[in-house]
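> this one's sequence-less:
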């Protein structure tokens, strides 16, 4: 594999939140420039405003026109946002939403053209960013429209991985959006990403039920019997080791959670509430199922602490590290497919070992 450092595209997110703070703190350690070449998509002027508000040491940003020009030993920034955007720390605004979209749009464009290798997104405010150009519930759906593939929101920590069948869907619409085909599709994506992106040879996947107590044998709902179980049977017929459906409440209360390489939840909060309870400080939001690598910290804009120098950069750092690792794993798998004889020395994990 090439030893050339990976170019990490970083969108500044909502300029009224903690995006610049976690970016600055993550790259305050000069050793990070040995790990990757950062390319921030945002505004030098806005970045300077945040540095001053946070009372952080001066940070030298290398202004470039595109990721192609990125200096491997500098923190690079592509100015793609109106410098006159008004920063109003701690609140959503039309201007902050537009600035978030402009940075995302430019980073995605360069990701498509090969100017950068991976994408790490700082948090956005999903309402503020809405416009005629961005009419999506979040990053995941926007990226799905920009690249071929079906996305899967996957929350990842050192020991826990949770994907969701339905993402940003209102609670009252969850049941009608869940189908056997959709569950099977998400299981395929999850199984593939565990193998290719996380290098687990025979992944074991736990699937949660939709209803309390996984339906209690039909007493509290029939989705487990009529939708989820048939999807699991079909998945096993394809060689996917999927088990369940498990009652969601009891599942996370036992050590059984550690027996699986990943968990597939039926809806957003069913998966993200336990994940953020157990792994919030270092958790990462990874968009599986797309040809590009995108990660994000598992927190939001945190308006309530914006500009106060209280944000923890660990989740953002984990997002950078994970993007790099997944990119390298995909490259390794490409090389193994091109030369299968190298597989013996690949160090591939096996969940049964």
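Thanks, I have the structure now. Nothing here was measured: the structure is a model prediction, and the numbers come from that model. Residues are numbered from 1 along each chain as shown.
> This protein: helices as residue ranges?
19-26, 32-35, 44-54, 94-113, 139-146, 174-177, 180-196, 223, 229-237, 248-251, 268-279, 314-338 (DSSP state H).
> between the last one and helix 19-26, how many degrees?
Helix 314-338 and helix 19-26 meet at an angle of 70 degrees, taking axes from the mean of the first three to the mean of the last three CA atoms, to 10 degrees as the criterion.
> just how off-centre is helix 314-338 within its chain?
How far helix 314-338 lies from its chain's middle: 13 Å, per CA atoms, centre = their mean, to the nearest Å.
> How about stretch 312-326?
With CA atoms, centre = their mean, you get 10 Å for stretch 312-326.
> Equivalent analysis for stretch 6-20, please.
With CA atoms, centre = their mean, you get 13 Å for stretch 6-20.
> Now it: average pLDDT?
For stretch 6-20, the mean per-residue pLDDT is 98.
> need the contact list for residue 227.
178-180, 183, 210 (CB atoms under 8 Å, 6 or more residues apart in numbering). Placement of C-beta: from N, CA and C, glycine included.
> Quick check: the gap between it and residue 274.
Here residue 227 is placed at a distance of 22 Å from residue 274 (CB to CB, to the nearest Å).
> Quick check: phi and psi at the closest residue in space to residue 94 that isn't next to it in sequence.
Spatially, and ignoring its direct neighbours in sequence, residue 94 is nearest to residue 128 (6.8 Å; CB to CB, 6 or more residues apart in numbering). When read as degrees, to the nearest 10, the backbone of residue 128 gives phi -60, psi -30.
> before we move on, what about the one 3 residues further on?
Taking degrees, to the nearest 10, you get phi -160, psi -180 for the backbone angles of residue 131.
> ok now do it, which residues does it touch?
With contact set as CB under 8 Å, 6+ apart, residue 131 has these partners: 97-98, 101.
> run the last query once more with 10 Å
Going by CB atoms under 10 Å, 6 or more residues apart in numbering, residue 131 touches 94, 97-98, 101.
> ranking the helices of the chain by burial, who's on top?
Burial of the helices of the chain is given as mean neighbour count (mean count of other CB atoms under 10 Å); helix 19-26 ranks first at a mean of 25.
> and the angle from that helix to helix 44-54?
Using the same axes, to 10 degrees: helix 19-26 against helix 44-54 is 70 degrees.
> got the angle for helix 19-26 vs helix 94-113?
Using the same axes, to 10 degrees, helix 19-26 lies at 50 degrees relative to helix 94-113.
> And helix 19-26, what does it pack against?
On a contact count with 3 or more CB pairs under 10 Å, 6 or more residues apart in numbering; DSSP states H and E, helix 19-26 meets strand 6-11, strand 36-42, helix 44-54, strand 75-79, helix 94-113, strand 118-121, strand 294-297, helix 314-338.
> and with 7 Å instead?
Counting contacts by 3 or more CB pairs under 7 Å, 6 or more residues apart in numbering; DSSP states H and E, helix 19-26 is packed against helix 44-54, helix 314-338.
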